[in-house]
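Asker: Sequence and predicted structure below; questions after.
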Amino acid sequence: MTNDYLVAKYISSPVRLETRNIGVFVRFNDHWRSRFLGESDGKLDLRRVRGVVEHTGAYEQWVSYWRHLVASSRPEDVPKALIDSSKVNFVVCEGAAVFLAPDAVGTEERTLDHMFYLVVGEFPEQRSEELNLSQIVEEKIRRYGLRTNPHFRESPAVKIELGGGAFEHVRPSFSYVNGTQQYFQKVAINPLRPEITQREVHNAAWIFEKLRTIADRLETNDLVKVVTHVGELNQIPPTTPEYLNLLNTLSHVINVDDEPALDRKFAALAQ
């Protein structure tokens with residue numbers, strides 16, 4: 001990948017030229033996408049930037065202005081418009097040429113996330129069970145060539161009506177839409193990390209509960225990795241069956257350690 005991206009920088013002291021990268025703009029064919037420090041689902045949480053930017057109000061205004069420039073400029077004019085907008089504390093410049101591995105460019109969302117973590121933040125540390133789960137699922141996606149399948153999408157944004165005129169976009173791990181709609185969510189269950197596991201299970205249950213409101217012909221699937229607890233009696237804590245039962249009420253649970261079952265599901269998508 002060459003200079004098809006730009007970097008937004010905050011200069012806390014123009015005299016010392018102390019800079020901090022605060023955002024990226026990435027070009028995808030005929031359009032640009034951006035992501036900024038403190039941003040989540042397109043919204044800024046200014047509390048997360050206070051340790052970096054002195055005046056968060058000014059930061060919010062600059063992000064809004066940059067987005068306006070991107071939206072109102074032709075794709076080929078965006079770099080000049082953003083670079084010319086630079087003023088004292090907030091500047092935009094070209095990024096150094098980087099090489100992105102195939103794993104990082106599977107989707108726009110994946111590329112944007114990778115560039116943001118590469119240039120602005122730190123790559124989030126994955127727990128061992130998450131990494132193992134992701135590796136297993138990634139191997140199946142590659143084996144069955146799902147990224148070349150037009151019906152397969154990673155981290156799709158699905159608009160859900162919450163009632164009272166409110167909407168929210170949920171993002172399951174994967175979707176496969178070809179006549180029927182199939183959604184997949186990766187869930188790691190580790191009894192030794194109860195708070196994280198509970199949050200992950202309940203997040204999956206909430207996503208699937210909301211997805212089931214949008215269509216009749218819809219299938220939900222959990223790709224589950226259960227981390228066994230090796231204790232004195234090698235017992236499975238009571239919370240694990242409870243989590244699995246909860247997921248089973250809203251989805252088809254596939255244990256990723258059951259390789260034949262996982263192969264059957266992914267092979268069916270590749271047909």
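Answerer: Received, thanks.
Asker: Could I get the phi/psi values of the closest residue to residue 213 other than its chain neighbours?
Answerer: Nearest residue to residue 213, sequence neighbours excluded (Cβ to Cβ, 6 or more residues apart in numbering): residue 160, at 6.9 Å. To be clear about C-beta, it is placed using only N, CA and C from the backbone, and glycine gets the same treatment. Phi and psi for residue 160, reported as degrees, to the nearest 10, are phi -120, psi 130.
Asker: Residue 185 and residue 174: what is the separation?
Answerer: 8 Å (Cβ to Cβ, to the nearest Å).
Asker: Those two: which is more packed in?
Answerer: When residue 185 is set against residue 174 and neighbours are counted by other Cβ atoms under 10 Å, the residue ahead is residue 185, at 25 against 20.
Asker: Spell out the secondary structure type for the more buried one.
Answerer: Following DSSP: H, G, I helix; E, B strand; the rest coil, residue 185 is assigned to strand.
Asker: list the contacts for it?
Answerer: By Cβ atoms under 8 Å, 6 or more residues apart in numbering, the contact list for residue 185 reads 172-173, 204, 207-208, 220-223, 251.
Asker: hmm, try it at 6 Å
Answerer: 172-173, 204, 222 (Cβ atoms under 6 Å, 6 or more residues apart in numbering).
Asker: Residue 209 too?
Answerer: Residue 209 sits next to residue 250 when contact means Cβ under 6 Å, 6+ apart.
Asker: and if we set it to 10 Å?
Answerer: 160, 170, 220, 249-251 (Cβ atoms under 10 Å, 6 or more residues apart in numbering).
Asker: so the residue nearest to residue 120 when sequence neighbours are not counted bridges to which residues?
Answerer: Leaving aside its sequence neighbours, residue 120 sits nearest to residue 21 (Cβ to Cβ, 6+ apart; 4.8 Å). Note on residue 21: beta-bridge partners by DSSP bridges are residue 9.
Asker: Against residue 117, how distant is residue 21?
Answerer: Noted for residue 21: a distance of 11 Å to residue 117, by Cβ to Cβ.
Asker: So the two - more neighbours on which side?
Answerer: Using other Cβ under 10 Å, the more surrounded residue of residue 21 and residue 117 is residue 21, with 18 against 15.
Asker: Wait, that one touches residue 90, no?
Answerer: No. Look at residue 21 against residue 90 with Cβ atoms under 10 Å: they stay out of range, at 11.8 Å.
Asker: tell me, what's touching these two both at once?
Answerer: Joint contacts of residue 21 and residue 90 (Cβ under 10 Å, 6+ apart) are 8-10.
Asker: ok, these vs residue 134, which is closest?
Answerer: Of all these, residue 8 has the smallest distance to residue 134: 29.4 Å, by Cβ to Cβ.
Asker: Name the nearest residue to that closest one, ignoring sequence neighbours.
Answerer: Per Cβ to Cβ, 6+ apart, closest to residue 8 is residue 23, 3.6 Å.
Asker: where does that neighbour land in three-state SS?
Answerer: For residue 23, the secondary-structure state derived from three-state DSSP is strand.
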